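[1] pasting a predicted model and its sequence here:
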Amino acid sequence: MASRELSLLPFAAIFVYYFIYWQQAITQFLYQTTSLAFHLIFFALTSAYYLFDACWHQKDKKSHGKGKENDGLDFPKPQTVIAKCLPTLCLCGFVWSSNFDHRTMYPYLIMAGLAFSLIGDALLVYSSLDKVGTYFFQHGLLNFAIGRICYTFAFGFNPFNMPLLIPNLLIGILVYVFLLPDLPSKTYRIFTALYILLMALMNWRGMSRVHLVDVQSYWTTEGALIALLAESNWTGCFGTILFCVSDMILVTDKFEIFKIPKSNFIIMLTYFLAQLGISLSSVYLPEPDLQDIWDADVWGVSKVIFGW
């Protein structure tokens with residue numbers, strides 16, 4: 001037994017030697033990449049869990065709470081609220097841990113939008129309750145509306161790009177006219193009109209930030225796709241479009257305008273992808289430093305691990 005333990009000492013000594021010798025490179029790699037990867041992996045796991053556990057296998061909402069003498073107060077379990085909020089919380093950590101540009105308000109407004117969305121997530125869990133569900137639904141959408149305002153100001157108004165505003169407003173008007181006959185009250189009509197206006201403005205600003213970049217200059221560096229998407233702002237644009245899709249399905253399902261199979265699953269899938277796209281747009285990757293970051297973090301550590 002003692003001889004077996006002694007045979008491991010050379011391997012332990014080599015491990016300690018390399019750990020101390022390459023400590024700086026390993027620490028730098030873990031600090032700059034693993035934190036982001038951890039948040040994204042945890043986001044993927046928590047969102048997948050909620051989608052398949054709470055959405056895909058969700059019971060028909062008409063039979064929800066049926067046969068229970070609770071006067072319409074069949075509250076969802078606390079773990080359901082936690083499971084729904086965890087993915088957005090992971091994205092808050094991702095934005096905070098990302099190498100964002102501290103000279104602008106962009107990442108801070110994105111985090112504010114995520115925070116209000118987090119509150120909206122929690123409130124909408126209780127929107128299926130019989131008597132107080134309307135209260136939670138309205139206040140949940142109010143928090144989402146504030147989140148849309150945060151995203152809109154984060155995207156900014158430069159370039160202004162008026163030609164993109166007109167089609168977004170026209171689509172918003174058509175959506176409102178489509179929903180109007182099924183809205184139950186004047187309050188809902190006013191609130192829906194304002195909410196659709198905010199959606200159109202956010203979508204307009206998200207699209208306006210997209211611009212073409214010199215693909216060749218990025219293709220000569222590793223990590224070209226991530227750099228290209230971050231610099232050209234495509235992820236934020238995709239996020240705003242998916243938000244509109246998610247909200248449209250949510251409203252049609254809430255007021256039972258038409259039946260959509262697995263509607264809650266589709267709503268949350270597009271919602272999580274929308275939040276992910278907008279969160280990824282906050283990553284700041286300055287072009288001149290891309291090669292240096294890759295060489296220092298990935299290539300350097302791969303030499304340590306694989307001896308390349």
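    That came through fine. Please read these numbers as outputs of a predicted model, since none were measured by experiment. Numbering: from 1, shown residues only.
[2] C-alpha only now, for contacts and for neighbours.
    Will do.
[3] all helices in the stretch 51-200 of the chain, in order from the N-terminus.
    All helices of the stretch 51-200 of the chain, identified by DSSP state H, counting those that start in this stretch, fall at 78-97, 106-124, 133-155, 162-179, 186-208.
[4] in CSV: those helices, plus mean pLDDT and mean neighbour count.
    Putting the helices of the stretch 51-200 of the chain into CSV (pLDDT from 0 to 100; neighbours: other CA atoms under 10 Å) gives the following:
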stretch, mean pLDDT, mean neighbour count
helix 78-97, 90, 19
helix 106-124, 94, 22
helix 133-155, 94, 21
helix 162-179, 94, 15
helix 186-208, 94, 20
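[5] dump those to TSV, plus distance to Thr235.
    Converted to TSV, these look like this (distance: least, CA to CA, whole Å):
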stretch	distance to Thr235
helix 78-97	14
helix 106-124	13
helix 133-155	12
helix 162-179	18
helix 186-208	9
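[6] any chance you could list what contacts stretch 184-194?
    For stretch 184-194, contacts defined as CA atoms under 8 Å, 6 or more residues apart in numbering pick out 176, 180, 183.
[7] just the C-alphas of it, formatted as PDB.
    Coordinates of each C-alpha in stretch 184-194 appear next as PDB, following Å, rounded to 0.1, in the frame of the first residue of the first chain:
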ATOM      1  CA  PRO A 184     -62.100  42.400 -22.800                       C
ATOM      2  CA  SER A 185     -62.100  46.000 -21.600                       C
ATOM      3  CA  LYS A 186     -61.100  49.600 -22.300                       C
ATOM      4  CA  THR A 187     -58.200  49.300 -19.900                       C
ATOM      5  CA  TYR A 188     -56.800  46.400 -21.800                       C
ATOM      6  CA  ARG A 189     -57.200  48.200 -25.100                       C
ATOM      7  CA  ILE A 190     -55.200  51.200 -23.900                       C
ATOM      8  CA  PHE A 191     -52.500  49.100 -22.200                       C
ATOM      9  CA  THR A 192     -52.200  46.800 -25.300                       C
ATOM     10  CA  ALA A 193     -51.800  49.800 -27.600                       C
ATOM     11  CA  LEU A 194     -49.100  51.300 -25.500                       C
END
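[8] circling back to that earlier point, nearest to Val245, out of the helices of the stretch 51-200 of the chain?
    Val245 lies closest, by CA to CA, to one member of the helices of the stretch 51-200 of the chain: helix 186-208, at 10.2 Å.
[9] orientation of the closest one relative to helix 133-155 in degrees?
    Angle of helix 186-208 versus helix 133-155, following axes from the mean of the first three to the mean of the last three CA atoms, to 10 degrees, is 30 degrees.
[10] ok and helix 186-208 relative to helix 162-179, angle-wise?
    Relative orientation of helix 186-208 versus helix 162-179 (the same axes, to 10 degrees): 150 degrees.
[11] picking that back up, what's the closest of the contacts of stretch 184-194 to His211?
    Distances from His211 to these, taken by CA to CA, are shortest for Tyr176, at 29.8 Å.
[12] so how far is Met199 from the residue nearest to the closest one when sequence neighbours are not counted?
    Nearest residue to Tyr176, sequence neighbours excluded (CA to CA, 6 or more residues apart in numbering): Ala193, at 6.6 Å. Distance, Ala193 to Met199, using CA to CA, to the nearest Å: 10 Å.
[13] repeat for His39
    Note on His39: its distance to Met199, by CA to CA, is 27 Å.
[14] one more: Leu45?
    Counting by CA to CA, the gap from Leu45 to Met199 is 28 Å.
[15] do Met248 as well
    For Met248 relative to Met199 (CA to CA), the value is 10 Å.
[16] what sits up against stretch 150-166?
    Contacts of stretch 150-166 (CA under 8 Å, 6+ apart): 105-107, 109-110, 112-113, 200-202, 204-209.
[17] one more time with 7 Å, if that's ok
    Here stretch 150-166 makes contact (CA atoms under 7 Å, 6 or more residues apart in numbering) with 105-106, 109-110, 112-113, 201-202, 204-206, 208-209.
[18] which pair in these spans the largest distance?
    Ala112 and Ser208 (21.0 Å).
[19] circling back to that earlier point, CSV for the contacts of stretch 184-194, including distance to Asp130?
    Output for those, formatted as CSV (distance: CA to CA, whole Å):
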residue, distance to Asp130
Tyr176, 26
Leu180, 23
Leu183, 18
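[20] show me which of the residues you listed is closest to Ser128.
    Among the contacts of stretch 184-194, and counting by CA to CA, the member closest to Ser128 is Leu183, at 17.1 Å.
[21] out of everything not next to it in sequence, what's closest to the closest one?
    Excluding the flanking residues, the one nearest Leu183 by CA to CA, 6+ apart is Arg189, at 6.1 Å.
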